[in-house]
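*Asks:* Give me a model of this one.
(one chain, ligands or ions: 1)
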Amino acid sequence: MSAWEKVKVAIVRRKLLSNRIPEDCKNPLEEWMAIKAMETFKKHPEFRKALGVNKLDEVGPEEFQEYQLFRVREQMRYTQENSIFYRDYFRKAGVSPEDIRSYDDLVRIPMTTPEQMAAEPMHFLCVSVTKTERAFSTTGTTGVRKRVFYTREDLLAKIDIISSALMNVGMKKGDVLHIMFPTVGAWDPSLMMAGACLVAGFGSSSSSSVDIEEQMKTIVVNNSTFIIGLPSFIYRVTVLAGEKVDLKSMGIKKIISAAEPLSEAMRNTLQNAWGCPVLDVWGMTEFGLACAVECDQRVGLHTDEANLLFEIIDPDTGQHLPYGEKGELIVTSLTAEATPLIRYRTRDISALYPPGCDCGTRFNHRIAKPSGRMDLMTKIGLGQKVYPLLFDEAVLRFPEIISYHVIIDRAGYKDRLTFCLESLDQSDILKEKVLDALLSIPEIEYSINEELLEMPRVLFRPPGSEDYTSKAKIIIDKRGNYD
Ligand SMILES: [Zn+2]
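*Replies:* Numbers count the residues shown, from 1 in each chain. Below is the predicted model:
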């Protein structure tokens with residue numbers, strides 16, 4: 001049996017919670033979380049005791065926070081028993097699950113770093129390898145390679161939440177999701193997406209080809225109405241196919257950008273070309289796909305708080321930051337079976353927003369769109385931080401530009417940025433405009449004024465001359481070791 005057939009069988013055998021979301025539900029994502037909290041309430045006396053009630057009719061902010069704290073204690077007990085790493089880690093820190101009674105108590109638990117995970121991946125594993133269904137490897141540009149495992153339960157839980165998230169973005173029976181994740185071979189988001197569509201009763205189509213015409217053909221043949229995929233690739237399809245086809249006539253209702261940061265410049269170009277909203281999803285391999293998803297209000301991303309707990313800390317002091325303040329995003333898994341992670345440092349910058357959103361949620365927190373992984377950052381000049389999202393905003397505001405990469409090297413004592421643009425238009429006028437946009441990035445402007453950065457260079461490449469590259473490889477640093 002193929003992996004996909006196995007998933008299908010597991011889905012059919014298991015009644016997933018997303019099946020119980022009423023059809024006319026306004027907030028399927030939050031409804032799903034409420035159902036999950038109710039289930040936990042029924043099964044676990046400790047949760048009932050913590051809440052001090054025997055009956056739960058409605059889940060509000062207080063009830064949901066108690067649910068999360070109960071899950072943290074459970075996940076700690078589970079990792080203490082089953083993970084070599086956490087057994088020692090909690091003992092050395094002198095912290096036990098019973099100590100965690102409030103949100104403030106969380107800071108008593110030591111954080112887990114990507115480096116710790118990369119050093120001893122098997123010490124995090126809580127089940128025997130034979131029980132794992134999938135192992136995903138992930139690397140940042142820092143070269144920290146991590147291995148994350150999933151059991152069948154983990155995969156089904158992910159598929160379950162993704163299906164409620166798809167309902168939340170507005171998919172209905174009869175809709176077809178076109179899944180575009182080329183070059184993401186190491187793990188299979190397509191499989192999970194297709195599984196989620198199966199659960200929710202939506203159709204799905206997918207193509208892993210980098211060929212633009214192949215992608216467009218698949219969309220047409222399947223009458224796809226929603227698109228999900230890597231924004232850098234959807235963008236490429238948009239610019240190249242938009243030359244020949246009126247994309248607005250394709251009948252796409254919404255585009256969901258996943259697995260890479262979405263710049264506002266890219267979002268605008270996509271929305272104008274397809275004539276539909278573009279929503280952002282945030283996730284990381286360590287916690288599976290779709291950890292947070294935008295609603296139509298586009299005021300931050302709604303988080304999957306039934307399976308994950310989010311904190312924002314000051315990266316220097318480790319203390320919690322108030323709502324709205326930017327800091328490092330810390331994530332704790334609440335229900336993971338294979339590789340649970342407690343207070344994991346994502347190296348991503350975000351902010352936490354209080355419950356309440358115009359889309360009608362009552363207890364769910366949102367996070368600010370993460371500004372890009374800190375491990376994709378590099379420094380120029382006097383330590384000015386630059387990262388792909390920053391360049392995206394400047395370069396991809398021009399819809400003629402299909403893709404780009406940046407080479408950073410040195411010219412004498414100064415740093416030098418060379419932007420190689422794959423573009424439909426190769427005129428000097430566009431070159432000037434791009435240069436102006438780059439010079440308006442404060443980090444670049446500052447470094448030039450301080451005479452630590454050369455004037456950026458802009459080079460054009462003809463369309464089709466570049467292979468598709470994912471966002472992680474956009475910055476090529478040739479300076480050797482640089483702090
Ligand atoms: Zn909302």
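
*Asks:* Start from the N-terminal end of the stretch 101-250 of the chain and give the helices.
*Replies:* 114-119, 152-168, 189-200, 212-221, 231-242 (DSSP state H, counting those that start in this stretch).

*Asks:* for the ones you listed, which one sits closest to the ion?
*Replies:* helix 152-168 (8.7 Å; C-beta to the ion). Yep, even glycine has a C-beta here, placed from its N, CA and C like the rest.

*Asks:* Run the chain-centre distance for that closest one.
*Replies:* From the chain centre to the centre of helix 152-168 is a distance of 14 Å (C-alpha atoms, centre = their mean, to the nearest Å).

*Asks:* Now do the same contact list for whichever residue of the stretch 201-350 of the chain sits closest to the ion.
*Replies:* Nearest to the ion in the stretch 201-350 of the chain, going by C-beta to the ion, is C295, at a distance of 3.3 Å. Contact analysis of C295 by C-beta atoms under 8 Å, 6 or more residues apart in numbering lists 168-169, 279, 302, 357, 359, 361.

*Asks:* So of these, which two are at opposite extremes in space?
*Replies:* Distance extremes for these: the farthest pair is L279 and T361 at 15.2 Å, using C-beta to C-beta.

*Asks:* Show me which of the two is the more surrounded one.
*Replies:* L279 (24 against 21; other C-beta atoms under 10 Å).

*Asks:* Could you tell me whether that one really is in a strand?
*Replies:* Yes. L279 sits within a strand when classified using DSSP: H, G, I helix; E, B strand; the rest coil.

*Asks:* Tell me what it is bridged to.
*Replies:* I256 (DSSP bridges).

*Asks:* Now for the residue in the stretch 1-150 of the chain that the ion sits nearest to, how many residues are close by?
*Replies:* Closest to the ion within the stretch 1-150 of the chain is N27: 7.8 Å, counting by C-beta to the ion. Applying other C-beta under 10 Å, we find 21 other residues in the vicinity of N27.

*Asks:* Tell me which residues touch it, please.
*Replies:* 168, 359-361.

*Asks:* count of residues packed around K431?
*Replies:* 18.

*Asks:* ditto for the one 10 residues further on
*Replies:* By the other C-beta under 10 Å criterion, the neighbourhood of I441 contains 17 residues.

*Asks:* I'd say it and A394 touch.
*Replies:* Yes. Taking contacts as C-beta atoms under 8 Å, I441 lies within contact range of A394: 5.6 Å.

*Asks:* can you list the residues of the stretch 201-350 of the chain near the ion?
*Replies:* Counting by C-beta under 5 Å from the ion, the stretch 201-350 of the chain comes close to the ion at 295, 297.

*Asks:* What segments of the stretch 201-350 of the chain are strands?
*Replies:* Using DSSP state E, counting those that start in this stretch, the strands of the stretch 201-350 of the chain run over 203-206, 226-229, 254-257, 278-282, 292-294, 301-303, 308-313, 327-333, 344-350.

*Asks:* Tell me which other helices or strands the last one touches.
*Replies:* If you count contacts as 3 or more C-beta pairs under 8 Å, 6 or more residues apart in numbering; DSSP states H and E, strand 344-350 packs onto helix 114-119, strand 327-333.

*Asks:* Now tabulate those in TSV and tack on mean pLDDT.
*Replies:* What follows is the helices and strands packed on strand 344-350, written out as TSV (pLDDT from 0 to 100):
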stretch	mean pLDDT
helix 114-119	90
strand 327-333	96
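
*Asks:* Just name the most buried of those.
*Replies:* strand 327-333 (a mean of 24; mean count of other C-beta atoms under 10 Å).

*Asks:* neighbouring strands for that one, and are they parallel or not?
*Replies:* By DSSP bridges, strand 327-333 pairs with strand 308-313 (antiparallel), strand 344-350 (antiparallel).

*Asks:* Kindly reformat those as JSON lines containing mean pLDDT and mean neighbour count.
*Replies:* As requested, these are exported to JSON lines (pLDDT from 0 to 100; neighbours: other C-beta atoms under 10 Å):
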{"stretch": "strand 308-313", "mean pLDDT": "98", "mean neighbour count": "21"}
{"stretch": "strand 344-350", "mean pLDDT": "91", "mean neighbour count": "21"}
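
*Asks:* I'd assumed M38 was in contact with Y67.
*Replies:* No. Using C-beta under 8 Å, Y67 is not in contact with M38, being 9.3 Å away.

*Asks:* Residues in contact with both of these two, list them for me.
*Replies:* By C-beta under 8 Å, 6+ apart, the residues touching both Y67 and M38 are V59.

*Asks:* out of the two, which sits in the busier spot?
*Replies:* Y67 (27 against 18).

*Asks:* how about the CA coordinates for the particular helix or strand that has that one in it, as PDB?
*Replies:* According to DSSP states H and E, Y67 maps onto helix 61-82. What follows is helix 61-82, C-alpha atoms only, in PDB (Å, rounded to 0.1, in the frame of the first residue of the first chain):
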ATOM      1  CA  PRO A  61     -10.900  32.400  27.300                       C
ATOM      2  CA  GLU A  62     -10.600  31.100  30.900                       C
ATOM      3  CA  GLU A  63     -11.700  27.600  30.100                       C
ATOM      4  CA  PHE A  64      -9.400  27.400  27.100                       C
ATOM      5  CA  GLN A  65      -6.400  28.600  29.100                       C
ATOM      6  CA  GLU A  66      -7.100  25.900  31.700                       C
ATOM      7  CA  TYR A  67      -7.300  23.400  28.900                       C
ATOM      8  CA  GLN A  68      -3.900  24.500  27.600                       C
ATOM      9  CA  LEU A  69      -2.200  24.500  31.000                       C
ATOM     10  CA  PHE A  70      -3.600  21.000  31.700                       C
ATOM     11  CA  ARG A  71      -2.200  19.900  28.300                       C
ATOM     12  CA  VAL A  72       1.200  21.400  29.100                       C
ATOM     13  CA  ARG A  73       1.300  19.400  32.400                       C
ATOM     14  CA  GLU A  74       0.300  16.200  30.500                       C
ATOM     15  CA  GLN A  75       2.900  16.800  27.800                       C
ATOM     16  CA  MET A  76       5.500  17.300  30.400                       C
ATOM     17  CA  ARG A  77       4.600  14.100  32.200                       C
ATOM     18  CA  TYR A  78       4.700  12.300  28.900                       C
ATOM     19  CA  THR A  79       8.100  13.600  27.900                       C
ATOM     20  CA  GLN A  80       9.500  13.000  31.400                       C
ATOM     21  CA  GLU A  81       8.500   9.400  31.000                       C
ATOM     22  CA  ASN A  82       9.500   8.800  27.400                       C
END
